[in-house]
Structure formats: structure tokens, C-alpha cells
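Colleague: fold the stuff below for me.
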Amino acid sequence: MSKIPSRALVADIGGTNARFALADLVTLELASVKTFQVAEHPTLAGAIGRYLEGLAEPVDHAAIAVAAPVTEAAIQLTNSPWVVARQELCAAAGLKRVHVLNDFEALALSLPHLAEAELHQIGGGPPVAFGTKAVLGPGTGLGVAGLVWSGTHWVPVPGEGGHVTLGAEDERELALVERLRRGRERLSVERALSGPGLSDLHQAVAASHGHNEEPLPPHGVVARALQGDAVAREALDMFVVWLGRFAGDIALVLGARGGVYLGGGIAPKLLTRLAQGDFREAFEHKGRMRAFLAPLPVYVILAEFPALKGAAAGLRAALASGSPV
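Modeller: Next up is the predicted model:
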């Protein structure tokens, strides 16, 4: 570990919030965690500069988890105007190296490092030791990733599963899907299973009953549902069922016998609602594959900043292997 710096800047950049911290690259412990609103800063470099201003000592390595596919030298965030360019960030922030990874790739890398108290299990049994893990979760968007054991270490499998096409299982669902699709070329799962998606789903449910509801933020939909509002409750019920179904789909795709983990900003706030039974039933409702899914545990991640810890783990692994970052 001698070639690995003792600490690094880590960041988790979503569509709404940008979280920064200092990470110990030996223990993965976090310090000086701060959250900025993306809308309050024109550029990522500016937000990093503001964070670094408050540090007593400089850092020269960084790991940045972004809500976008990491495929180009300059990365345009999917739900944000920010662009991530390694060389520009190094020059603007005085960094030697910047390791960029997908935000759910970082979340996947955090899974082996989460304590039991940081997870809440919903159904299933114990995970298979070293079995493939899946992580997904709604927030501003819908992230998906996997984690596979190589025989010596965990390997993240980033993807863009939130952008697969949303389907329907009956006429009622099909009508809602058609309402959500209006004005769009196609309808991805993310358009329903996200914060903005829950707001749109509430509008679609209201319209299906002939109501003209004013738009509500996602937390407003949840609050009304918990207060007994029939339209909001129906929208939240549909959201929970579709989330369970999608989690089951991802579990089948990856063969996630090591467990399915729900992250993002919404799932922990819906913990009680997700435990009521219809989420788990939708997760297992896969015909001949029910027996495969029934023993798989689903966990809601309760850890406060897991993607920051995962970003640190990703940087540490890249530096230890000598791969370019």
C-alpha cells in the first residue's frame, strides 16, 4: 500500500446533490462530508474548488462517482448540466489524478464494506457467500449495477439498466404507461421509478380518474399517500409494485444470489412501505422463476454516504493495480 496516498478527495455527483468528503484509503473512513446543491454551482470544478477551500491540507488524488455512463474523456451527466473532464478538473483543482466511475458502480463497490446495521432486509434468506450482488435505486434517476467475485476480489459491473423500456402486465398498467409515454419517443423505467417519475405517475393516476391535480414533488406525493389521499396512495402503490418487479428483473439478469440492494435517495424513506408485502410479491412474481427468487434477500441500504465509500474503494483498487485513473 506504499504507493497509495493516505487520503483522497471523494465525490458523489447526482442530478440534484453533490457530496464531497475526504477518505482514508486504508480504512475507507470518511471525514469532512459536505453536500452542495448542483443547481447552485455552474460547474463541477467550481464546486470542488469551494470544497477544497475549507481544507487545512491539500489533496492530490480524487475519485468522482457520477450519474452517467463513464465512456468518454468528457462526461455529460444524465440529469445535470455539469460536464466531467479529468484533465480540466486536475488543472482547475490542482489534482494529480482523478478517477471517474459511475455512481452505482461506486455504490456496488461499497457493498462488502457495509455493516449489518447499515442494511435492512426485506424477505428472502441469507445471501450466498461470494454470490453476485445487484444494486439499484431511484433518486433523481434510476441507477443499476452489479458486483461479481473474481476469486480474489470484487469486480463492479456498471450499467444503464434504468433506461430499459417500461412494460405493463395488465390493461390498467398499460393505460398508465400510455399516459406517461405521451410526448416521448419511448418510456424508460427511469421515467416512472425516480423522484420525477413518482410525480409524473401521480399526475397520470389522477388523470385516469378524471382529476386535474396540480404537480406535486415526490415527497408531497408520499406525504399525501401516508395521510390517506386515494390518488396519491394509488400512485405510491404502483411505484412500489413496479420497483419490486424491476428489482426482480435485475436479480434474474445478474443471477444475484448474493442479494439485491436498494440504494438511492428514495428507498430508505419508503422503508416501512416497502416492507408491507406487495414489493416482495412483485419481486418474486416471475412464474417459473419464483423458486429462484424466493430465497434471494433484498436489502435497503441505510448507510448515509455509501457511494463515497465505494468511490474510495474504487480509487484504492485502481492505484493498487497500477491501472490508469
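Colleague: am I right that residue 308 is in contact with residue 13?
Modeller: No. Counting by CB atoms under 8 Å, residue 308 stays clear of residue 13, with 10.8 Å between them. Placement of C-beta: from N, CA and C, glycine included.
Colleague: mind checking the longest helix of the protein?
Modeller: Longest helix of the chain, by residue count under DSSP state H: helix 230-254.
Colleague: remind me what it packs against, helices and strands.
Modeller: Contacts defined by 3 or more CB pairs under 8 Å, 6 or more residues apart in numbering; DSSP states H and E place helix 230-254 against strand 133-138, helix 195-208, helix 218-226, strand 260-262, helix 271-274, helix 278-284, helix 290-293.
Colleague: switch to 7 Å and redo it
Modeller: Packing partners of helix 230-254 (3 or more CB pairs under 7 Å, 6 or more residues apart in numbering; DSSP states H and E): strand 133-138, helix 195-208, helix 218-226, strand 260-262, helix 271-274, helix 278-284.
Colleague: let's have the ones you listed in JSON lines, adding mean pLDDT and mean neighbour count.
Modeller: Below are the helices and strands packed on helix 230-254 laid out as JSON lines (pLDDT from 0 to 100; neighbours: other CB atoms under 10 Å):
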{"stretch": "strand 133-138", "mean pLDDT": "97", "mean neighbour count": "29"}
{"stretch": "helix 195-208", "mean pLDDT": "96", "mean neighbour count": "21"}
{"stretch": "helix 218-226", "mean pLDDT": "95", "mean neighbour count": "19"}
{"stretch": "strand 260-262", "mean pLDDT": "98", "mean neighbour count": "26"}
{"stretch": "helix 271-274", "mean pLDDT": "95", "mean neighbour count": "16"}
{"stretch": "helix 278-284", "mean pLDDT": "98", "mean neighbour count": "21"}
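Colleague: how about these in JSON lines, adding distance to residue 321?
Modeller: Rendered in JSON lines, the data for the helices and strands packed on helix 230-254 read as follows (distance: least, CB to CB, whole Å):
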{"stretch": "strand 133-138", "distance to residue 321": "21"}
{"stretch": "helix 195-208", "distance to residue 321": "36"}
{"stretch": "helix 218-226", "distance to residue 321": "40"}
{"stretch": "strand 260-262", "distance to residue 321": "25"}
{"stretch": "helix 271-274", "distance to residue 321": "37"}
{"stretch": "helix 278-284", "distance to residue 321": "35"}
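Colleague: out of the ones you listed, which comes closest to residue 248?
Modeller: helix 278-284 (4.2 Å; CB to CB).
Colleague: what residues does the closest one touch?
Modeller: With CB atoms under 7 Å, 6 or more residues apart in numbering as the test, helix 278-284 has contacts from 122-123, 237, 240-241, 243-245, 247-248, 290, 293-294, 298.
Colleague: for the residue of the chain most remote from its centre, give me its contacts.
Modeller: Outermost residue of the chain with respect to the C-alpha centroid, by CA atoms, centre = their mean, is residue 210; its distance is 34.0 Å. Residues near residue 210 by CB under 7 Å, 6+ apart: none.
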